[in-house]
Each structure stands twice: as structure tokens, then as C-alpha cells.
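J.: structural data only, the sequence is not supplied:
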């Protein structure tokens, strides 16, 4: 009997253990840790940065006539892709990107390996992802970099005149040297550009003012006749986050990681599986500009024309109202028509951007396929060389040429001169600390 009882108990014990194992494995939400890091050094780096905060990007959502001075500036510089980041990002992928990009042996390397995929973040990779916003010839530099490398200093009075409101200027040090411009002293347009700049181009957590180097960058951006190579700037800023070290002697010092949406998109483009779980910061909209970026003096200037226009629209007291003025409800259909037109314009704009991205993707596939056939297929057909094929294709460029802006020059490839990494000028662009 004792033998029978012992035999009967064994299946029950084994079955319960099996159930416990199944419950434990099915309830674990964490991703597998195997092969996430290139070596123990990168895994140690991950442990150091895993609790750092993210400096998130902002999306620009503006319709025509809502704030054209800023919107036209984005279009003119071909920064629409930069102004349209992913609405969410994968925090775990971003941390792994920064951990695997860190290297003691090769500190100048600008690539990371994420889930078995190499992800580059040099000037060429960033420029190609953003649609090649500023094609440069080999050795050519943008105006911002040229002026920083030259020994001719900026005219700080001219910089302050463009950025600051009336009777405002730099905060100065004891010797009279300029230190920073407070955000509250800036014009409305400068405040909008500053918001975009400190989220999507030079991310920092301190947003209440701009130091002198960032003021110079803002000055070049607001000047229509000056260029700024945003791909080089972003590449260098990502590398600064890769190499960033927290001051261990300062208990209040905290680490930060920038460009989470951009890095998620770069990894996704290379075939890395991502989970978009964390939102970026609120978008730059007309309401956002009115509430957080409008300088009081600019607000007064905007209100005066509106009051004058309202006075012109109102009929004089001694004039009889016309039939159209007497019929009040006719104004509501007109308002509905305007809203419907704006929605249609928004839809068409999204469709055009989507179509452009599809065409660019097809074009890259055509070039890759032709080069493969030329290199590997031999036969009676006299295949064209890649340069001949590109000339025959007559690719118009990576983006439309907008009025007043500059697009890719005729005959330039999809990457243009993006192969000129600009590594020789990276060290010359330093925006200082937070």
C-alpha cells in the first residue's frame, strides 16, 4: 500500500512543478538579454545609463497661415523630416544604442550595433535619413561652420538685434563680455526656433536661455541667406551623448540621452524590431506658440491690425445693413467651409510627404538593383555603369525644390555630397554645457 501511495503522488508533484514553470515563463514581460551587448564593457555602460532621462523631440504641426515665418523657414531649409519625428519611441532600444556605441578603444567611431544590426550616425547617415537637407561638395562647409572656423568674430550687436526684442540684449559678465540671451528677452520667432533647436537639433534640459555658441547657431538659422549643416551638428551631438560622463562629485548631476525618436527611427530603418511605447514632448502648434512663445510686444503688434481689420469689417452706424449683413446664419457655413478646406490641405500635405518617401525608397532600390546586376551579371547585354544608369534615370532630387529654398543640384545622387563626413570640422562645433 505504501508503494502504491508513493507512485500515485509522483504525477501530482511533477504536474504542479510544470504549471509553476509555465506560469513563471509566461508572466515575464522583459525582453531576452542574450546578445544585446557587444561585450562586457558595453553591458557595464548600459547599467550606468539605464536610469538616465531622455531629452525628447517635438513635432511641428502647423497649417499654412498659422505661423508662416517659422513654417516657411523649415520648408526653405528642407527640414520637414526633422520637424516630423516619430510620435513615440522605444526607450530600451535607445539605451542599447547608446550603450553599444560607447567605445574606449575607438572613441571616434560613429556607429552602434543594436540587436545584431549596425546603425550608423555619422554625417552621411543622418543626412540621408533627413532627405539630404543641405547637399555639400567634398570639402565644402556650411556658412555656420565657416564663420566659426574663421577668425572673424560674430557681430554680437547684430546677433542680439535679430534675436532679441526691442531694448533687450545679451546678459553680460563682469568684464562686459556676452554670456547668454534669456528666452524671455527674445522675439516670438526666436523663441519658436529656440524651442525647436533645443529639442531636435541641440538637445539640452536647460531651456530658459541660450549661451553664445547656440545664439550664433540660432542667428544663422534665422538668417535666410546663411546655411547650417544640421546633419553634421546632429551627428556630433549624438556622439557627445555617447561619450557623456556624469560628474560623480556633484550629487545633483544627472545623465541624459537625446534624440530618442530619431535613434528609434534609425534603428527601425536598419531592420531592428522596435516597440513604440513612450511619447515625445508636446507638438509645436499654433496654440503652443501663442501660449509659450509669444513676446508681449509682438502680441501687441498682432492685436492692433486685428482691431483695425475688425473696425473696417463693421458697417457704419449711419449706413443701413445689407441683406447679406442682416442674414447672420450665412456666416456659419463659411466657417465650416474654411475648416473643411484646412482639413483637406492637411490631408493632401500628409499624402504628398508619404508619396515622396515612397518614391525615394523605390529610387534607392533601383540604384541598388542596377549596381548588383552590373557587378554580378555578365552576358550579351551591354549593361550601363552605375554613373551612366544614374544619368539615364534623371533623378530630380531627394525633395522638391521650394520657392526661395535650395534643393539637390541637377546630377547629384541621392546622397549628394553627404559622403563628405565633415569629421574635420566636428571638433570645431562646440555648444558648451547645459
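T.: Received it, and whenever you're ready, just let me know what you need. What you see is a predicted model; the values in this text were computed from it and never measured.

J.: would it be right to say that residue 97 lies in a helix?
T.: Yes: counting by DSSP: H, G, I helix; E, B strand; the rest coil, residue 97 is found in a helix.

J.: ok, it - contacts?
T.: Going by Cβ atoms under 8 Å, 6 or more residues apart in numbering, residue 97 touches 112, 114, 119, 263, 267. (Each C-beta comes from the backbone N, C-alpha and C, glycine too.)

J.: ok, and the most crowded of these?
T.: The most crowded member of the contacts of residue 97, judged by other Cβ atoms under 10 Å, is residue 263 (28 neighbours).

J.: now the helices for the stretch 201-350 of the chain?
T.: Assigned by DSSP state H, counting those that start in this stretch, the stretch 201-350 of the chain shows helices spanning 212-222, 230-243, 260-269, 286-292, 296-313, 323-326, 331-376.

J.: average pLDDT across the last one?
T.: The one in question is helix 331-376. Averaging pLDDT along helix 331-376 gives 67.

J.: not counting its neighbours along the chain, what's nearest residue 156?
T.: Leaving aside its sequence neighbours, residue 156 sits nearest to residue 178 (Cβ to Cβ, 6 or more residues apart in numbering; 5.2 Å).

J.: what's across from that neighbour in the sheet?
T.: residue 172 (DSSP bridges).

J.: and it, what's its pLDDT?
T.: You'll see residue 178 listed with a pLDDT of 95.

J.: how about low-confidence regions in the chain?
T.: 1-34, 299-344, 346-347, 350-351, 353-354, 378-383, 389-430, 432-434 (pLDDT under 70).

J.: and the strands in it?
T.: 53-55, 88-89, 111-114, 117-120, 171-172, 178-182, 209-211, 256-258, 278-279 (DSSP state E).

J.: helices or strands next to the fifth one in the packing?
T.: Translated: strand 171-172. In terms of contacts (3 or more Cβ pairs under 8 Å, 6 or more residues apart in numbering; DSSP states H and E), strand 171-172 is packed against strand 178-182.

J.: buried ones in the strand it packs on?
T.: Buried residues in strand 178-182, defined by neighbour count with 16 or more other Cβ atoms under 10 Å: 178, 180-181.

J.: which of these sits closest to residue 68?
T.: residue 181 (24.0 Å; Cβ to Cβ).

J.: mind giving me the domain ranges of the chain?
T.: 40-297+411-426, 343-395 (automatic domain parsing).

J.: pick the most buried one from these.
T.: domain 40-297+411-426 (a mean of 18; mean count of other Cβ atoms under 10 Å).

J.: hmm, the residue nearest to residue 156 is touching residue 163, no?
T.: No: using Cβ atoms under 8 Å, residue 178 is not in contact with residue 163, being 11.5 Å away.

J.: what do the two both touch?
T.: Counting by Cβ under 8 Å, 6+ apart, nothing touches both residue 178 and residue 163.

J.: which residues does the closest residue to residue 91 other than its chain neighbours bridge with?
T.: Nearest non-adjacent residue to residue 91, counting by Cβ to Cβ, 6+ apart: residue 278, 5.2 Å away. Under DSSP bridges, the beta-bridge partners of residue 278 are residue 89.

J.: thinking residue 278 is in contact with residue 88, fair?
T.: Yes: look at residue 278 against residue 88 with Cβ under 8 Å: they come within range, at 6.0 Å.

J.: could you list every residue that touches the residue nearest to residue 156?
T.: Taking Cβ under 8 Å, 6+ apart, one finds 156, 160, 170-172, 212 in contact with residue 178.

J.: gap between it and residue 217?
T.: 15 Å (Cβ to Cβ, to the nearest Å).

J.: same question, residue 46
T.: According to Cβ to Cβ, residue 46 stands 32 Å off from residue 217.
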